[in-house]
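# Give me a model of this one.
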Amino acid sequence: MGSLKNIADTPFFVDSRASRLVQLADHVAYSVFRRYNTGDAQYMDIIASRFDESDGVYHGLSHKHADRLICTCHGCLSRRLVSKTSDPGK
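Numbering: from 1, shown residues only. Model prediction:
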């Protein structure tokens, strides 16, 4: 049996009014965008608990930041809290 090396797919664009799931994806993307680009957590706080999380760390919510020690996003906060509880000397 051969192995699959490449997958070619066609991008699919759809008006968000055509599907409720596309509308949901638009709302999630907008919430994350507002949180990370403008610091507005109003919408993100509503949906943050729905993101993938294990052992107290949010996954999929990471970003490049100059100083993660002062960042207050869910991803950075969860990593700091877990690192403090796993290493009490910090």
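
# how about the helices of this structure, start to end?
Taking DSSP state H as the criterion, the chain contains helices spanning 20-38, 44-47, 74-86.

# Relative to Gly56, which of these is closest?
In terms of Cβ to Cβ, the element of those nearest to Gly56 is helix 74-86, at 4.9 Å. Heads up, the C-betas are built off the backbone N, CA and C, glycines and all.

# Taking helix 20-38 as reference, get the angle to that closest one.
Orientation check (axes from the mean of the first three to the mean of the last three Cα atoms, to 10 degrees): helix 74-86 against helix 20-38 gives 70 degrees.

# Could you measure from the residue sitting nearest the centre point of the chain over to Val82?
Nearest residue to the geometric centre of the chain (Cα atoms, centre = their mean): Leu61, 3.1 Å. Computed as Cβ to Cβ, to the nearest Å, the Leu61 to Val82 distance reads 14 Å.

# And Leu21, by the same measure?
Spatial separation of Leu21 from Val82 under the definition Cβ to Cβ is 32 Å.

# Much appreciated, bye for now.
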